[in-house]
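Visitor: got a sequence here, can you build the structure:
(2 chains)
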Amino acid sequence: MSSSSPEKTLAEPSSSSVLSYLPGGATLSGWNNSFQSWRSSLGLPAPGTAEHLQKEVKATLLQNMFFDGARADLSKSLSMNPVFQVTHSFALGSQTAPPSYNFGALFANEAIFMQGGMDDGGNLTMRYNQGWGGNHVSKIQSQISSQPGHSMIQLEHDYQGADYSINVKSLNPSPLDGTGIYVGSYLQSLTKNLALGFESFLQRADPTAPSELNSQFMAKYTSTDRNWIATAQLQPSGILSATYWQKLSEKVDVAADLQVLAMPDRRDAVATLGAKYDLRFSTFRAQLDSSGKVSALLEQRFAPTFAFLVSGEIDHFKNAAKVGVGVMIESSSLTPEELGMAPMPGGGMPMPPQ
Amino acid sequence: MPSEETRERIIKAIDLGRTVLHYGWIPFIIYIGYTRSNPQPSLIKLISPLA
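Guide: Numbering: from 1, shown residues only, chains lettered A, B, ... in the order given. Coordinates of the predicted model:
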């Protein structure tokens, strides 16, 4: 694979010129060059990012998409290039959350992704991603509330190399006393199938107390035909998360997820099994977990601009049930010609630059 | 360690920044989107959920 990306070829001469000033530097730079060419000759694939290690599983299972009560999302595309849209979301009748209204705005072009949402309580959630070209992306994510103590900010930088990815982030960093949570992660492809990585958390809650360092280790195995993926994440304190995802056919994905908590004072495990069917005008997800919950979510698209959602969950052990219905309406002020005759497949939200 | 005065100034600046971000972020996106959109949408379509 001629995978040495442009910035890498640019970086090589400069590093060799720096090295050539050092005694024995020419040998070092020779080694470095042969190491780089040996590395690119392996043709290792990009491993994805540590954050999205379980991306396929999360897209198949419906944990993150489940809702109850009624909700309506009205989104309006005002421009396709750059993407500019506003959304109005209404939710009510949920067992877990009070009725709410959320106004959102989104703007994205090739380099920038900006998104903001304000709910009826005056809480802002915002995201800003800036792509710098050459696989560098900086991200800011924040929640600001008028109540003190509920605000947070996360600053993040991502770099994806040819066969590795690096991410550093800080949560609520304080420029005054250096408190906050700092996270660094590194994921490296070792063979065409296997990628290993780690993520370290440095937590400084109090400037006087010593900071705490925790790490977790990650492994991802992708089959040669990319049809199945197995991942494992282990925290030495005793948390293991293992997942398996397989694409059975064009339309059917299945996923399994196992979370094990084996701490001295607490032991617990949950296994989840789920399937996703992508039909022509609908998506159906169903899942079953070992805590006795059966849930399903149907997303039926009646027209390109109108989708209807039904979700349900039965908890057999607690004898409880939840039901949700929702509509998603997209309107556009643009004519089909202005849309470039290419409405987005599925009409979903545009993804931020990864 | 910064002096007491600098600390206060930094805290004030952070508070101000947070307030500006809190109330200015969505208007900022809408302004950028409105001025950069192609074609430029009308204002009523921007705000009303029904139009």
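Visitor: rest of the way, CA atoms for contacts and neighbours
Guide: Will do.
Visitor: what does stretch A:244-255 contact?
Guide: For stretch A:244-255, the surrounding residues in contact (C-alpha atoms under 8 Å, 6 or more residues apart in numbering or on different chains) are A:56-57, A:60-61, A:227-231, A:243, A:256-257, A:273-279.
Visitor: can you list the residues of chain B near chain A?
Guide: B:2, B:7, B:10, B:18, B:22, B:25-26, B:29-30, B:32-33, B:36-41, B:45-46, B:49 (C-alpha under 8 Å from any C-alpha of the partner chain).
Visitor: report the buried residues of stretch A:99-106.
Guide: Buried residues in stretch A:99-106, counting neighbours by 16 or more other C-alpha atoms under 10 Å in any protein chain shown, are found at A:101-106.
Visitor: how much distance is there from the longest helix along chain B to the middle of the chain?
Guide: The single longest helix within chain B, with elements called by DSSP state H, is helix B:4-36. With C-alpha atoms, centre = their mean, to the nearest Å as the basis, helix B:4-36 stands 6 Å off its chain's centre.
Visitor: I'd like the next helix or strand past that helix.
Guide: helix B:43-47 (DSSP states H and E).
Visitor: centroid residue for chain A?
Guide: Per C-alpha atoms, centre = their mean, the C-alpha nearest to the average position across chain A is that of residue A:52, at 4.8 Å.
Visitor: now do that residue, the pLDDT please.
Guide: pLDDT recorded at residue A:52 is 89.
Visitor: can you give me phi and psi for it?
Guide: Summarising the backbone geometry of residue A:52 under the convention degrees, to the nearest 10, its torsions are phi -100, psi 30.
Visitor: hmm, back to that, take the contacts of stretch A:244-255 and keep only those in strands.
Guide: With strands defined by DSSP state E, the entries of those inside them are A:228-231, A:243, A:256-257, A:273-278.
Visitor: mind giving me the ChimeraX command for buried ones among those residues?
Guide: Selecting just the buried residues from the ones in strands among the contacts of stretch A:244-255 in ChimeraX takes one command, with 16+ other C-alpha under 10 Å as the test:
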select /A:228,229,230,231,243,256,257,273,274,275,276,277
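Visitor: kindly state the pLDDT recorded for residue 41?
Guide: Using chain A here. pLDDT, residue A:41: 84.
Visitor: ah, no, chain B please
Guide: The score at residue B:41 is 74. That number is its pLDDT.
Visitor: then the one 10 residues further on?
Guide: Predicted confidence (pLDDT) for residue B:51: 58.
Visitor: one more: residue A:82?
Guide: The per-residue pLDDT reported for residue A:82 equals 88.
Visitor: next up, the contacts around it.
Guide: Residue A:82 makes contacts with A:107-110, B:36-38, as judged by C-alpha under 8 Å, 6+ apart.
Visitor: distance of it from residue A:296?
Guide: Noted for residue A:82: a distance of 35 Å to residue A:296, by C-alpha to C-alpha, to the nearest Å.
Visitor: partners of residue A:200 in the sheet?
Guide: The residues paired with residue A:200 through beta bridges, assigned by DSSP bridges, are residue A:184, residue A:215.
Visitor: mind listing what it touches?
Guide: The neighbours of residue A:200, taking C-alpha under 8 Å, 6+ apart as the test, are A:183-185, A:213-216.
Visitor: so which of these comes closest to chain B?
Guide: Within the contacts of residue A:200, proximity to chain B (C-alpha to the nearest C-alpha) peaks at residue A:183, which comes in at 22.3 Å.
Visitor: what's the separation between the nearest residue to the closest one once chain neighbours are set aside and residue A:324?
Guide: Closest residue to residue A:183 apart from its sequence neighbours, by C-alpha to C-alpha, 6 or more residues apart in numbering or on different chains: residue A:201 at 4.5 Å. From residue A:201 across to residue A:324, the span is 37 Å (C-alpha to C-alpha).
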